[in-house]
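Q: Compute the structure for the input listed below.
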Amino acid sequence: MEGLVSERTRFIKIAEAVAVDRETLTDTFGRFTLSPLARGWGWTMGTVLRRAMLSSVEGAAPTQLRIDGVIHEFSSIDGVLEDVPLIVLNVKKLRFKLEGVDFEYARLHAAEPREYTGADLELPPNLELVNTDTPILTLSAKDRPVHMEIKVERGRGYESQELVKKRSPAEPSGTIFLDAFYSPVRQVKIDVANVRYGERTDYEQVVFEVATDGSVTPEETLVQTAELLRSHVEALSKIIDPQASLAESGEAEESTWNEVLVESLDVPQTVKKALADHGIKTVAELVGYTEEEIKEWGDIKPRSFSTLRSRLKGIGAEFAKQPTEEETKEGNKDEA
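A: Presented below is the predicted three-dimensional model:
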């Protein structure tokens, strides 16, 4: 398969590496250059990578909020300047980094009159808050403590409040479900320009400017996106050599052949009857015979046999191989 792929792509210049602009690189911004690319491939690669970065990079976001004494999201809280809808908006601005698990909880215990920010949250070891200066609420009364619990989950892209609620039917009363903005990627700009390569000037380069929220760095964003695209392209590349794919998944196919009945094959009825007369019901049983063994029966005509062989090939199956003379001798020795 590798030879076939290289033969088809040998006239297309493939980018050799990605250049990183170290002078402008931070935890939230990165500029990357991919080159050289054949004419037309700048926008092709740029558009695909940009869309994947914006939609498919994994992140973490608040999905649920519980505040003691609050029944629904349109309430107000005695002793708190902000009403619940504003607190919800503030919580949704919190950007988390979650490691090792699918969800965790952040908690806030407000007792003294002052403004409380993300820095006041109690976090487990595997949960980190990136924007700690984000305000959450302001407590104005000393004898009115507020206790809050925020559920943070991992995900990709965007999930509406309705979907979050639908998949969490067992949550207790008073749970406020939130729109989840999982994507850590804030913006991706692409710019395509011609670049010289050797004596030619019609090659292209694509420059990516990637901005994130800091929970995932721009470099991590690019690597994660490339891995995601590679896994999709690898699946497509199996179309090039289906026999190679079949060879790699022999056990799975053998199991499949056990489920395929000979009766379902598109072959003459006389062939089906002949196979049934010899006790063959499935393709798995059929491919246990060699072509010579089946021909020796004498009840399948050459043209019908050719059709049978073609139908087997169409589903990736084939008859057993005739043992060589040496293999036959070895088998006789073992029996002796």
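Q: so where is the protein shaky, pLDDT-wise?
A: Residue ranges of the chain with pLDDT under 70: 1-16, 237-257, 259, 314, 322-336.
Q: In it, which helix is the longest?
A: In the chain, assigned by DSSP state H, the helix with the most residues is helix 218-237.
Q: what sits up against that helix?
A: Residues outside helix 218-237 that contact it (CB atoms under 8 Å, 6 or more residues apart in numbering): 1, 5, 18, 20, 25-26, 28-30, 32, 48-49, 52-53, 56-58, 184-185, 208, 210-212, 216. For the C-beta atoms, the positions are set from N, CA and C on the backbone; glycine is no exception.
Q: show me where the stretch 51-200 of the chain has helices.
A: 84-92, 161-166 (DSSP state H, counting those that start in this stretch).
Q: Kindly spell out which helices and strands sit in contact with the last one.
A: So that's helix 161-166. Helix 161-166 sits against strand 176-177, with contacts defined as 3 or more CB pairs under 8 Å, 6 or more residues apart in numbering; DSSP states H and E.
Q: Can you list the strands that the strand it packs on pairs with?
A: Next to strand 176-177 in the sheet, as set by DSSP bridges, lie strand 58-67 (antiparallel).
Q: So what angle separates the directions of the strand it pairs with and helix 84-92?
A: Interaxial angle of strand 58-67 relative to helix 84-92 (axes from the mean of the first three to the mean of the last three CA atoms, to 10 degrees): 150 degrees.
Q: residue contacts, the spatially closest residue to Glu82 that is not a sequence neighbour?
A: Among residues not flanking Glu82 along the chain, Leu137 sits closest, at 5.1 Å (CB to CB, 6 or more residues apart in numbering). Applying CB under 8 Å, 6+ apart to Leu137 gives the contacts 80-82, 87, 90, 110, 115-116, 146.
Q: Which stretches in the stretch 151-300 of the chain count as strands?
A: Here the stretch 151-300 of the chain has its strands, by DSSP state E, counting those that start in this stretch, at 158-159, 176-177, 180-181, 185-197, 200-212.
Q: Same list, the ones you listed, but as a markdown table with mean neighbour count please.
A: Shown next, in a markdown table, are those (neighbours: other CB atoms under 10 Å):
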| stretch | mean neighbour count |
| --- | --- |
| strand 158-159 | 16 |
| strand 176-177 | 22 |
| strand 180-181 | 20 |
| strand 185-197 | 16 |
| strand 200-212 | 19 |
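Q: Relative to Leu275, which of those strands is closest?
A: Closest approach to Leu275 among these is made by strand 158-159 (53.0 Å; CB to CB).
Q: For burial, what's the neighbour tally of Leu65?
A: Residues contacting Leu65 under the criterion other CB atoms under 10 Å number 21.
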